[in-house]
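K.L.:
Could you work out the structure for the sequence below:
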Amino acid sequence: QVQLVESGGGLVQAGGSLRLSCAASGPTYVMGWFRQAPGKEREFVAAIEWSGINSYYADSVKGRCTISNGNSENTVYLQMNSLKPEDTAVYYCAAGRRYRRDYAVLSDYDFWGQGTQVTVSS
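P.N.:
Numbers count the residues shown, from 1 in each chain. So this is what the prediction gives:
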């Protein structure tokens, strides 16, 4: 079992930036971020394989967000810039143990964090 701990959420004005962090208790093949706004389904944001070579983004955040590995393969960051009110959601870190085509669906992941709130004010 891998435990995931997120940090870095908060309140920011539109146009601002936040960096989310996620630390895993053990090695994984891929780590990703999803988000869930009130009344909506959880949706894919970004993912990165353990090598750091391949990363994947939802169209809604492409060009505004960057996912990266920390010095340890068990840590992942999500740098979010030019934030919009529609980015407001609970952001969840996820980890998977095997290769998938693009890691964009919930079932691609085996472990989930508790979530961190991101609120973007207009």
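
K.L.:
and the most centrally placed residue in the chain, what are its bridge partners?
P.N.:
For the chain, the residue nearest the mean C-alpha position is W33 (2.1 Å; CA atoms, centre = their mean). Beta bridges link W33 to A46, C93, judged by DSSP bridges.

K.L.:
Which pLDDT value goes with the closest residue to V5 other than its chain neighbours?
P.N.:
Leaving aside its chain neighbours, V5 sits nearest to A23 (5.1 Å; criterion: CB to CB, 6 or more residues apart in numbering). For glycine as for every other residue, the C-beta is placed from the backbone atoms N, C-alpha and C. Reading off the confidence values, A23 has pLDDT 94.

K.L.:
likewise T119?
P.N.:
For T119, pLDDT reads 98.

K.L.:
Let me see the ranges of the strands in this protein.
P.N.:
Assigned by DSSP state E, the strands in the chain fall at 4-7, 10-13, 18-24, 30-36, 43-49, 55-57, 65-69, 75-80, 89-96, 111-112, 116-121.

K.L.:
quick one: which of the ones you listed is nearest Y103?
P.N.:
Judged by CB to CB, the one of the strands of the chain that comes nearest to Y103 is strand 43-49, at 3.9 Å.

K.L.:
Many thanks, I have nothing further to ask.
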